[in-house]
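Student: Quick one, structure for this:
(one chain, ligands or ions: 1)
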Amino acid sequence: MKQSIQGSRLVVKNVGKHFGDFCALRDINLEVEPGELVCFLGPSGCGKTTLLRIIAGLETQSSGSLYQGGDDISLKPPHARDFGIVFQSYALFPNMTVADNVAYGLRSVGAPKQQIQHRVCELLTTVGLPDQAKKYPTQLSGGQQQRVALARALAPSPGLLLLDEPLSALDAKVRNHLRAEIRHLQQQLGVTTIMVTHDQEEALAMADRVVVMNNGVIEQVGTPVEVYQQPASAFVAEFIGAMNFMDSAAVNDRSVQLGSRVLHLPKPLPRGKGAVRLAIRPEDVHLQPITGDGWEAQVNTLDYLGAFVRTQVTLRGCGLRLVVDVDPRSARELGLAQGAWVNVTLPSDSLHCFAA
Ligand SMILES: Nc1ncnc2c1ncn2[C@@H]1O[C@H](COP(=O)(O)OP(=O)(O)OP(=O)(O)O)[C@@H](O)[C@H]1O
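Tutor: Modelled structure (predicted):
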């Protein structure tokens with residue numbers, strides 16, 4: 001039996017899902033490449049789990065189709081699809097040993113006994129539990145149980161691995177550790193993987209591409225760098241990381257009026273007129289000594305967060321409040337303190353614009 005897994009390509013085409021009158025998914029289109037790890041990320045109720053369950057065949061789509069490795073799987077029952085799944089709650093069989101849990105999928109397809117034993121050993125070693133084969137799930141920690149669940153899902157060498165919030169029941173330290181291990185294992189095996197999460201840090205750290213969902217639609221599909229640096233909508237900009245939003249008005253297709261100033265934009269506006277929602281990340285706002293260029297602003301609050309200082313300032317004149325992240329050394333050099341005055345500049349190449 002092979003240790004490496006040949007990941008298969010998954011295509012989701014025009015998938016929609018209704019529960020009665022409620023539309024949970026609308027016209028979902030997605031292609032997951034062999035060996036890729038894709039995260040479904042979005043707020044509670046946006047449809048992540050429903051989409052994962054449709055891919056697994058545990059839920060039936062109301063419209064659209066699905067293809068795995070070129071085969072139309074749209075109407076296949078779960079057992080006829082080629083995937084392994086890990087749920088948030090470990091869902092191990094409590095009356096079976098660790099070894100029997102991992103062997104379960106192989107026994108059900110009638111694999112020879114010796115081959116099963118070898119595969120179970122191999123997988124328990126891979127997930128770092130070579131000595132736990134004879135234990136029962138209740139004798140293991142949450143992190144260990146989730147490793148067993150992962151080994152069980154991978155045992156039949158599926159073309160697709162589905163992970164439904166696999167880390168959210170674990171404490172922060174175990175979660176971070178297991179996050180890195182799952183990613184390493186996934187890359188080593190080359191198994192095509194889809195993970196559902198509402199934790200943006202987890203998605204950005206693990207995924208090749210992130211699918212950002214909201215209200216049953218895909219807002220953006222992109223690499224972690226793309227969804228962070230070039231958010232396609234105000235929702236994505238706000239949902240991933242921190243963002244300042246400012247109401248402004250277009251002067252023409254390359255500039256906007258903010259308070260008494262005209263700011264130039266990095267990209268042309270789709271419409272060169274009307275209201276525009278301008279946005280900038282806290283780490284992209286520049287603070288300088290009061291003699292510098294830009295707006296005069298007063299410091300309202302300062303929070304020391306270890307790697308950086310999160311500051312809130314109010315611009316003189318327009319009264320606009322901005323959150324600014326400054327590295328601790330610059331904060332010291334600027335003499336940042338509550339009530340202090342600084343100059344604020346908003347670099348053009350860091351501005352994002354969205355329809356108001
Ligand atoms: N069987 C069902 N019957 C009716 N409505 C459902 C059913 N399953 C899901 N929904 C609704 O569909 C929407 C999407 O649910 P889903 O579980 O996919 O969201 P989610 O993004 O995974 O959220 P969470 O992060 O909270 O799990 C929700 O509004 C939910 O209430």
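Student: What residue, apart from its backbone neighbours, is nearest Gln288 spatially?
Tutor: Nearest in space to Gln288, with sequence neighbours left out and distances taken as Cβ to Cβ, 6 or more residues apart in numbering, is Asn343 at 4.5 Å. (Glycine included, C-beta is placed from N, CA and C.)
Student: I meant to write Thr49 there.
Tutor: That would be Val196: by Cβ to Cβ, 6+ apart, it lies 5.8 Å from Thr49.
Student: who does the host helix or strand of that neighbour touch, helix- and strand-wise?
Tutor: Element membership for Val196, per DSSP states H and E: strand 192-197. With contacts defined as 3 or more Cβ pairs under 8 Å, 6 or more residues apart in numbering; DSSP states H and E, the packing partners of strand 192-197 are strand 37-41, helix 48-56, strand 160-164, helix 200-206.
Student: per-residue confidence averaged over the last one?
Tutor: In this model, helix 200-206 carries a mean pLDDT of 94.
Student: Tell me what angle the strand holding Val196 forms with helix 48-56.
Tutor: Angle of strand 192-197 versus helix 48-56, following axes from the mean of the first three to the mean of the last three Cα atoms, to 10 degrees, is 150 degrees.
Student: re earlier: ok, the residue nearest to Thr49 - contacts?
Tutor: Cys39, Phe40, Lys48, Thr49, Leu52, Leu163, Asp164, Glu165 (Cβ atoms under 8 Å, 6 or more residues apart in numbering).
Student: How about the contacts made by the spatially most central residue of the chain?
Tutor: Nearest to the geometric centre of the chain sits Ala203, at 2.7 Å (Cα atoms, centre = their mean). The contact partners of Ala203, by Cβ under 8 Å, 6+ apart, come to Cys39, Leu41, Met195, Thr197, Val210, Pro224.
Student: picking that back up, any buried residues in the strand holding Val196, and which?
Tutor: For strand 192-197, the neighbour count (16 or more other Cβ atoms under 10 Å) marks Thr192, Thr193, Ile194, Met195, Val196, Thr197 as buried.
Student: I'd like the mean pLDDT over that strand, please.
Tutor: For strand 192-197, the mean pLDDT works out to 96.
Student: which strands and helices sit next to the longest helix along the chain?
Tutor: Of all the elements of type helix in the chain, the one with the most residues (DSSP state H) is helix 172-189. In terms of contacts (3+ Cβ pairs under 8 Å, 6+ apart), helix 172-189 is packed against strand 37-41, helix 142-154, helix 200-206.
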